[in-house]
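A.B. asks: Build me a model:
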Amino acid sequence: MGWTADDIPDQHGRTIVITGANSGIGFEATRELARNGATVIMACRSLERGEDAARDIREDGTDADLRVEECDLGSLESIRTFANGLEDEVIDVLINNAGVMAIPRSETEDGFETQFGVNHLGHFALTGLLLDTLSIDEEPDSRIVTVSSGVHERGEINFDDLQHEQSYDKWDAYAQSKLANVLFAYELERRLLTADANAKSIAVHPGYADTQLQFRGPEQRGSRLRKTGMWIMNTVLAQSAGKGALPTLYAATDPDAEGGAYYGPGGFQNMRGTPERQASSDRSYDEETARRLWAVSSELTGVTYDLPEPKAGVPA
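C.D. replies: Prediction:
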């Protein structure tokens, strides 16, 4: 039958931060985590939409311990303000979930290409700034779960044009950002292992899940035809957002989830089904690329990690 939300262990006493918690996979993950007793800090770009989502979860009959906080991953200032507000917390799990997909080229508040800036750099900065609040030296182990996409397999890190200023293809930019997610998750795991920290960094992907993420590109372009086509694709091929959240929930809660692993749906073409450990793209295992991306990301965001560089031969 496979792993389902019914298999989530009791989460009472755990505090979990999840970005993009007000919709799609983030919303479904938040609901299941709260239902199982976790205190969930909902990091949302819009406080209004976050509060609406929290109210929906509570009205669903869940005795939910939810906190909604503003965090715009397209703004380093907003990320720092959010992280500073949690400096006295002990965080057990950070779920880097929020993202944008295949949108027209734009830039974040800090001048980063939006998909790379939000999907990767924003989460790189957030994780580094929250590292001291994560219980990496305590039992049980803490988790950092980073949500990627199967599209990362077509991705390539173009260090000569990271911000896609010379040329821009919405899917190439998205694929680069999602490959960056996996490279980051693996490099973080290597550094945690080198530090002998009691923490795991895990990458996941949701398969093809029916969320609002797919509609943002067509909406920003004002393309009714593409929006209709996407609705048809979601109706025919996609699994529900709830099922798409299962790899994230497994990585965040199951005792058997392994650090440095990549989990996704094990069904048809890895687009649907229950979670299983999978192989990511060959490029995602390139340690030299991962180290270079880490250094560039630290330089761009101004965020450094109090973790040693990996020793030679430390596997992800």
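A.B. asks: so how far is stretch 245-263 from its chain's centroid?
C.D. replies: Offset of stretch 245-263 from its chain centre (CA atoms, centre = their mean, to the nearest Å): 12 Å.
A.B. asks: low-confidence ranges in the stretch 1-150 of the chain?
C.D. replies: Low-confidence segments of the stretch 1-150 of the chain (pLDDT under 70): 138-139.
A.B. asks: So which residues of it form helices?
C.D. replies: 24-35, 47-59, 76-84, 114-115, 123-130 (DSSP state H, counting those that start in this stretch).
A.B. asks: what's the spacing between the fourth one and its chain's center?
C.D. replies: The chain centre lies 14 Å from the centre of helix 114-115; the measure is CA atoms, centre = their mean.
A.B. asks: same for it, what does it pack against?
C.D. replies: helix 170-194 (3 or more CB pairs under 8 Å, 6 or more residues apart in numbering; DSSP states H and E). The C-beta positions use only the backbone N, C-alpha and C, and glycine is treated the same way.
A.B. asks: and the helix it packs on, what's its mean pLDDT?
C.D. replies: Per-residue pLDDT values over helix 170-194 give a mean of 98.
A.B. asks: Show me what secondary structure element comes after it.
C.D. replies: strand 199-204 (DSSP states H and E).
A.B. asks: helices or strands up against that following strand?
C.D. replies: Taking 3+ CB pairs under 8 Å, 6+ apart as the contact cut, strand 199-204 packs with strand 142-147, helix 170-194, helix 246-253, strand 262-265.
A.B. asks: looking at the ones you listed, which is closest to Arg292?
C.D. replies: helix 170-194 (9.4 Å; CB to CB).
A.B. asks: in the closest one, what counts as buried?
C.D. replies: 170, 172-193 (16 or more other CB atoms under 10 Å).
A.B. asks: re the thing from before, could you redo the helices of the stretch 1-150 of the chain as a markdown table and give each row mean neighbour count and distance to Arg291?
C.D. replies: Below are the helices of the stretch 1-150 of the chain laid out as a markdown table (neighbours: other CB atoms under 10 Å; distance: least, CB to CB, whole Å):
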| stretch | mean neighbour count | distance to Arg291 |
| --- | --- | --- |
| helix 24-35 | 26 | 29 |
| helix 47-59 | 16 | 35 |
| helix 76-84 | 18 | 22 |
| helix 114-115 | 24 | 22 |
| helix 123-130 | 23 | 13 |
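A.B. asks: Which among the ones you listed is found nearest to Leu249?
C.D. replies: Checking those against Leu249 by CB to CB gives helix 24-35 as the closest, at 5.7 Å.
A.B. asks: From the chain's centroid, how far away is that closest one?
C.D. replies: Worked out by CA atoms, centre = their mean, helix 24-35 lies 13 Å from the chain centre.
A.B. asks: Contacts for it next, please.
C.D. replies: 5, 8, 11, 16, 18-21, 40, 42, 53, 56-57, 60, 62, 64-66, 95, 97-98, 147, 206, 209, 211-213, 241-242, 244-245, 248-249, 252-253 (CB atoms under 8 Å, 6 or more residues apart in numbering).
A.B. asks: hmm, which of these are the buried ones?
C.D. replies: Restricting the contacts of helix 24-35 to buried positions leaves 5, 8, 11, 16, 18-21, 40, 42, 53, 57, 62, 64, 66, 95, 97-98, 147, 206, 209, 211, 213, 241-242, 244-245, 248-249, 252-253, with burial counted as 16+ other CB under 10 Å.
A.B. asks: Report the contact partners of Leu129.
C.D. replies: Leu129 neighbours (CB under 8 Å, 6+ apart): Ile79, Arg80, Ala83, Asn84, Val303.
A.B. asks: For Gly37, see how far away it is.
C.D. replies: Here Leu129 is placed at a distance of 27 Å from Gly37 (CB to CB, to the nearest Å).
A.B. asks: same check, this time on Gly26
C.D. replies: 19 Å.
A.B. asks: try Ser177
C.D. replies: Going from Ser177 to Gly37 by CB to CB gives 33 Å.
A.B. asks: same check, this time on Leu162
C.D. replies: Distance from Leu162 to Gly37, counting by CB to CB: 41 Å.
A.B. asks: These two - which one has more neighbours?
C.D. replies: Neighbour totals were compared for Leu162 and Gly37, and Leu162 leads with 22 against 16 (other CB atoms under 10 Å).
A.B. asks: so is that one in a helix, a strand, or just coil?
C.D. replies: Of the three states, Leu162 takes coil under DSSP: H, G, I helix; E, B strand; the rest coil.
A.B. asks: Does it touch Val296 like I think?
C.D. replies: Yes - the criterion here is CB atoms under 8 Å, and Leu162 meets it with Val296 at 7.0 Å.
A.B. asks: so can I have CSV of the helices and strands packed on strand 199-204 showing distance to Asp282?
C.D. replies: Formatted as CSV, those follow (distance: least, CB to CB, whole Å):
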stretch, distance to Asp282
strand 142-147, 19
helix 170-194, 11
helix 246-253, 21
strand 262-265, 13
